[in-house]
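Q: based on what follows, work out the 3D shape:
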Amino acid sequence: MHAVTPADHAPDRPLLDEIERYYDAAPRSAARAEDFGPLTLFVRAGDTGWHYYARPTLGHTGPAATAEDVRRVLERQRELGAPEAFEWVAEQNPELRAAVEAAGLTVHEHPLLVLGPQDEPGPAPVLPERVEVRVLAPDAPELAEAVAVPHVAFGAPGTAVGTAGAAELAGSAALVTADGGVARIARRIADGFTVQAAALDGGSVLCAGQYNPVGAVGELVGVGTLPAARRRGLGLAVTAVLVGHARANGVRTVFLSASDEDVARIYRRAGFRPFATALIAEPAAP
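A: As a prediction, this is how the structure comes out:
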């Protein structure tokens, strides 16, 4: 399957350029950039934190990346013990797909959706009784569970109600605390690099998500609901709070990458519209 421009419209070039600048800037708060000509590899700073990816070099005007360029980056990723991963926007760099596939990687497509300055957010969902959604401070006692929820949620992909709940969340929260993940997010919140919101029932986190602002653009990431708490509008509620916070703090363009069309349909209800296709390349599953 090959990417098709959403809604049969010509690409929105100014928006694509804005997102491209964001993708180049966002990792730099926690990673260094290594130059591979037409490709840039982002390498996390230190031994903990997110592993990043390689992507097209911003503003590159020379020859397009070849399979050999991709192999050079893959060799460096293996040397670093980093995931062999490339991420880019299909409509911005369509030629890269052939190069990464020739280097032996498998390409996955994900809808990119945006809520721009002229777009109206969808109506906020009615929350279940006792549930509230709020933005968390770096020292919030609920932060560990909020960081852990997506790990549990993405372990059971899809939107169907599942069985994983409080016990699985407690285990995941202990792991992300022990590996420094909670402390890292707390620092990013304090430094203004991340905004974390959570849906809470009492002191228990049922759903959480983040956005990472860079100037007037922010990417919504890691919105996940405990499988046992799905189908209650919690993801939409967390999204609405994050969008509201972003707009109140000068972020005029909020975008996200959905895992598939089923998830993208949920975000359309929040006012997001499709505008491009995110491509992620990685080794084929064994």
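Q: strands along the chain, start to end?
A: 31-36, 39-44, 54-56, 86-89, 105-115, 131-135, 195-201, 204-214, 217-225, 253-257, 273-283 (DSSP state E).
Q: distance from the chain centre to the fourth one, please.
A: Spelled out, that is strand 86-89. 12 Å (CA atoms, centre = their mean, to the nearest Å).
Q: the fifth one now?
A: When C-alpha coordinates are averaged (CA atoms, centre = their mean), strand 105-115 and its chain have centres 11 Å apart.
Q: repeat for the last one
A: Mean C-alpha position of strand 273-283 versus that of the full chain (CA atoms, centre = their mean) differs by 11 Å.
Q: can you list the strands of the chain in JSON lines and add mean pLDDT and mean neighbour count?
A: For the C-beta atoms, the positions are set from N, CA and C on the backbone; glycine is no exception. Shown next, in JSON lines, are the strands of the chain (pLDDT from 0 to 100; neighbours: other CB atoms under 10 Å):
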{"stretch": "strand 31-36", "mean pLDDT": "96", "mean neighbour count": "14"}
{"stretch": "strand 39-44", "mean pLDDT": "96", "mean neighbour count": "20"}
{"stretch": "strand 54-56", "mean pLDDT": "98", "mean neighbour count": "25"}
{"stretch": "strand 86-89", "mean pLDDT": "98", "mean neighbour count": "23"}
{"stretch": "strand 105-115", "mean pLDDT": "98", "mean neighbour count": "20"}
{"stretch": "strand 131-135", "mean pLDDT": "96", "mean neighbour count": "17"}
{"stretch": "strand 195-201", "mean pLDDT": "97", "mean neighbour count": "24"}
{"stretch": "strand 204-214", "mean pLDDT": "97", "mean neighbour count": "24"}
{"stretch": "strand 217-225", "mean pLDDT": "96", "mean neighbour count": "24"}
{"stretch": "strand 253-257", "mean pLDDT": "98", "mean neighbour count": "23"}
{"stretch": "strand 273-283", "mean pLDDT": "97", "mean neighbour count": "20"}
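Q: distance to Pro11 for these - can I get that in TSV?
A: As requested, those are exported to TSV (distance: least, CB to CB, whole Å):
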stretch	distance to Pro11
strand 31-36	26
strand 39-44	22
strand 54-56	15
strand 86-89	9
strand 105-115	11
strand 131-135	33
strand 195-201	29
strand 204-214	21
strand 217-225	17
strand 253-257	14
strand 273-283	7
